[in-house]
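J.: Attaching a predicted model along with its sequence, questions to come.
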Amino acid sequence: MTALLINRKNYFAGAWQTSDSGRTFGVLNPATGGLIGEVPDCSEAETNRAIRSAQLALPAWRAMAADERSRKLKKFNQLIIENRKELSQILTTEQGKPLAEAEREILYAASFVEWFAEEARRVYGRTVPGPTPERRIIVTKQALGVCAAITPWNFPCAMITRKLAAALAAGCTMIVKPAPETPFSALALAELALRAEIPPSVFQVITGDAEKIASALMSSTSVRKLSFTGSTEVGKILIRQSAQTVKRLTVELGGNAPFIVFEDADIGKAVKGAMFAKYRNAGQTCVCVNRFIVHESRVEEFAAGLCSASSALKVGNGLDSGVEVGPLISIEAADKVRALIEDALSNGAKRLSGENISAIGPCFIHPTILSGVNKSMRLWNEEIFGPLCAISSFKTEEQALELANDTEYGLASYFYTKDLSRAFRVAEALESGCVAVNDTVFAFPQGPFGGMKQSGYGKEGGQEGIEEYLTTKYVMMAV
Ligand code: ADP
């Protein structure tokens, strides 16, 4: 890649830097297996320097008028939009998603910056009548301080901006450790933030050893908050580590989204919604449908519609025109999906369409549809993270809800019905932080995205998003 925004160094402590050891690690293009480039393999020492810099940059950034911070974020938003072509090239090359989808992610990523640029000016406190004549109670919101983010590879830009923009809008500084698979998108954002005149060390990016970088961040008393998106397994480690310094956390972990189709659903709309909610990012999003739960009277019709739409999808290298499903992030990720398919087939599922092995390359899986899925199969409990549709059926609403909630996760749920009472009833009964009714799109900065149960806690986006980076101060004033 020869893109202008490609940076092979990290940005921290006020400069573009290599690792202290000079070590680097390689980043591969999942579509071809080819090496894109190397980035620094940093560790605790570099992270500690970044923390000190973030601490030094904090007072001026926090004290800056909210209007001024807002203007800088708006400039950052504008630069992301202006550079979206180049950013999408970088994103597709390191992540694999089709170029058009990458461009949509860039605009989605920018939308968080715009949203939080606006929210920066609306951090309101309140005054409360005092309990005695001479007392006044003043409630203010203050920036938490230095914050950190550890982000995944599935949305290399958007998962950063929805944390970063909220933090910066609140007056916090932030250190980001991106996923090792997709560091170039993060480093490109750091470059654009500098061009937007966001002061050095307000936003820093460190790549390298996840455990060591996290250990430095989590043990630091200066770092007041971590926002993490990733696996439940790593989330639990970080939750435990946060106890050392009583750090605030936002944790957005795994999902196991149910998609219920009731007997009165518009099947055409349900199939259309399912196509987006299943195949976006080749099925690699934490809100992708994991289990289709379809009324027994409509299951054949729904499955036939899904098979027909799925078989029309073009699979290939995301840089090629017209491609709709790119590679999975790695051979291991594709092998895991293949193992889930084999496990379901050996436990009685029926393959309606799809291929496990692709002539295009080892990271590719063609859209696959299995029916007759049940609780005994691994894919019922595990996050699939691939273009595999698992269909089961139900008889009653009660049974559908029981199946849908039969998971330790609780991030997203979807259902299709034309019955208004049922829409309210089911939306309230589903155990997930995000519910879509006759729709499948959650990707808007206006919405407070986040989970319940073991999908985590804290919200990203919405008016709740900035609160995650603020602390409430209670001032008792005697007059
Ligand atoms: P995935 O399996 O989808 O890659 P992970 O939870 O392993 O999800 O990764 C999400 C992010 O967490 C990445 O940035 C990764 O480098 C980081 N990570 C992985 N292991 C740890 C760890 N032990 N401590 C902190 N961060 C980690």
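T.: Received it, and whenever you're ready, just let me know what you need. The structure displayed is predicted, hence computed values, not measured ones.

J.: show me the contacts for the one residue sitting closest to the centre of the chain.
T.: When C-alpha atoms, centre = their mean is applied to the chain, the residue found nearest the centroid is residue 159 (4.5 Å). Contacts here follow C-beta atoms under 8 Å, 6 or more residues apart in numbering; on that basis residue 159 touches 151, 152, 229. Glycine gets a C-beta too; all of them are placed from N, C-alpha and C.

J.: Please, where are all the helices along the stretch 151-300 of the chain?
T.: For the stretch 151-300 of the chain, applying DSSP state H, counting those that start in this stretch gives helices covering 158-170, 183-195, 210-219, 232-242, 267-279, 299-311.

J.: Which positions in this structure make contact with the ligand?
T.: By C-beta under 6 Å from any ligand atom, the residues of the chain that approach the ligand are 150-152, 177, 179-180, 210-211, 214, 230-231, 234, 237-238.

J.: Just the buried residues from those, in PyMOL please.
T.: In PyMOL, this line selects whichever of the residues of the chain next to the ligand come out buried by 16 or more other C-beta atoms under 10 Å:
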select buried, resi 150+151+152+177+179+180+214+230+234+238
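
J.: and the residues of the chain next to the ligand as a markdown table, adding pLDDT?
T.: As requested, those are arranged in a markdown table below (pLDDT from 0 to 100):
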| residue | pLDDT |
| --- | --- |
| 150 | 98 |
| 151 | 98 |
| 152 | 98 |
| 177 | 98 |
| 179 | 98 |
| 180 | 98 |
| 210 | 98 |
| 211 | 98 |
| 214 | 98 |
| 230 | 97 |
| 231 | 95 |
| 234 | 98 |
| 237 | 98 |
| 238 | 98 |
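
J.: and of the residues of the chain next to the ligand, the nearest to residue 268?
T.: Ranking the residues of the chain next to the ligand by separation from residue 268, with C-beta to C-beta as the measure, puts residue 152 on top at 33.1 Å.

J.: I'd assumed residue 177 was in contact with the closest one.
T.: No. Proximity of residue 152 to residue 177 does not meet the contact threshold set by C-beta atoms under 8 Å, at 10.9 Å.

J.: Common neighbours of the two, please.
T.: By C-beta under 8 Å, 6+ apart, residue 152 and residue 177 have no common neighbours.

J.: elements contacting the helix or strand hosting residue 79?
T.: With elements delineated by DSSP states H and E, residue 79 resides in helix 66-82, which encompasses its position. The criterion is 3 or more C-beta pairs under 8 Å, 6 or more residues apart in numbering; DSSP states H and E, and the helices and strands that helix 66-82 contacts are helix 99-119, helix 158-170, helix 183-195.

J.: and these, which is most packed in?
T.: Neighbour counts (mean count of other C-beta atoms under 10 Å) averaged over each of those peak at helix 158-170, with a mean of 30.

J.: C-alpha coordinates for it, PDB please?
T.: Only the C-alpha atoms of helix 158-170 are listed here, as PDB (Å, rounded to 0.1, in the frame of the first residue of the first chain):
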ATOM      1  CA  ALA A 158     -15.900   2.800  14.000                       C
ATOM      2  CA  MET A 159     -15.000   0.900  17.200                       C
ATOM      3  CA  ILE A 160     -12.300   3.600  17.800                       C
ATOM      4  CA  THR A 161     -14.300   6.700  17.100                       C
ATOM      5  CA  ARG A 162     -17.300   5.800  19.200                       C
ATOM      6  CA  LYS A 163     -15.000   5.600  22.200                       C
ATOM      7  CA  LEU A 164     -12.500   8.300  21.200                       C
ATOM      8  CA  ALA A 165     -15.000  11.000  20.200                       C
ATOM      9  CA  ALA A 166     -17.000  10.500  23.400                       C
ATOM     10  CA  ALA A 167     -13.900  10.700  25.500                       C
ATOM     11  CA  LEU A 168     -12.500  13.800  23.700                       C
ATOM     12  CA  ALA A 169     -15.800  15.600  23.700                       C
ATOM     13  CA  ALA A 170     -16.000  15.000  27.500                       C
END
